[in-house]
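Student: Only the shape, not the letters, is given here:
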């Protein structure tokens, strides 16, 4: 019997309520192939996965990882250009590391990394634009955000509800941001 031709997966869209991502699955790893060009829907049911890498073949990431309780590391490979989902890691209470590629040009979802309560620092790549607010809201362990020199505007409320002793809540003033939180390189 002849082997079937291999099937190349280019799109992945899972519903939270599908059997694959149900809360009672026991998946501990998830490997996304570099043939994917589109990821949508929810990967949230993979609750025991502790590390995910989004392949660079996915130019625009538009999925959610919300409430993946064991997720510790999220990596976007070189080639990813935009993160368009809002609140993608909300409820990922163990997420400590988010690696962003130099190819990333835009964070366009509201609250992109909000709710990553274990995240302590992040470096944004040169040339990135943040187009929506609340990007780091409720990231209560966040101590530093390294900004590239190319950042000229920061939407209001990017870090709403953070606990910084030196900050007085005037989040829409760029000079105030520099004194409060930001480290430019």
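Tutor: Thanks, I have the structure now. Quantities reported herein were computed from a predicted structural model and do not represent experimental measurements. Numbering: from 1, shown residues only.
Student: which regions of this structure lie under the pLDDT threshold?
Tutor: Scanning the chain for pLDDT under 70 picks out 16-24, 156-185.
Student: so who does the residue most central in space within the chain touch?
Tutor: Centroid-nearest residue in the chain, with Cα atoms, centre = their mean: residue 113, separated by 5.1 Å. Listed by Cβ atoms under 8 Å, 6 or more residues apart in numbering, the contact set of residue 113 reads 88-89, 98, 119, 122, 135-136, 139. C-beta here means a position set from N, CA and C on the backbone, and glycine is covered the same way.
Student: And residue 123, by the same measure?
Tutor: Residue 123 touches 100, 145-146, counting by Cβ under 8 Å, 6+ apart.
Student: Just the buried ones out of those, please.
Tutor: The neighbour count (16 or more other Cβ atoms under 10 Å) marks 100, 145 as buried among these.
Student: which one of the contacts of residue 123 sits closest to residue 68?
Tutor: residue 100 (18.1 Å; Cβ to Cβ).
Student: can you give me the strands in the protein?
Tutor: Under the criterion DSSP state E, the chain contains strands at 11-14, 38-42, 51-54, 60-64, 73-76, 82-83, 97-99, 106-107, 121-123, 129-130, 144-147, 182-184.
Student: Export these as a markdown table, with columns for distance to residue 154.
Tutor: A markdown table is the format used below for the strands of the chain (distance: least, Cβ to Cβ, whole Å):
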| stretch | distance to residue 154 |
| --- | --- |
| strand 11-14 | 32 |
| strand 38-42 | 27 |
| strand 51-54 | 24 |
| strand 60-64 | 21 |
| strand 73-76 | 21 |
| strand 82-83 | 16 |
| strand 97-99 | 18 |
| strand 106-107 | 11 |
| strand 121-123 | 14 |
| strand 129-130 | 6 |
| strand 144-147 | 8 |
| strand 182-184 | 8 |
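Student: out of the contacts of residue 123, who's nearest residue 80?
Tutor: Nearest to residue 80 among those: residue 100, at 8.2 Å, using Cβ to Cβ.
Student: list the contacts for that closest one?
Tutor: 76, 122-125, 128.
Student: which one of those has the most neighbours?
Tutor: residue 76 (22 neighbours; other Cβ atoms under 10 Å).
Student: and that residue, what are its bridge partners?
Tutor: residue 54 (DSSP bridges).
Student: just residue 11 next, same as before
Tutor: Listed by DSSP bridges, the beta-bridge partners for residue 11 are residue 38.
Student: could you measure it against residue 2, distance?
Tutor: Remark: distance between residue 11 and residue 2 (Cβ to Cβ, to the nearest Å) = 27 Å.
Student: again, but for residue 93
Tutor: 49 Å.
Student: out of those two, which sits in the more crowded spot?
Tutor: A count of neighbours by other Cβ under 10 Å puts residue 93 above the other of residue 93 and residue 2, at 15 against 4.
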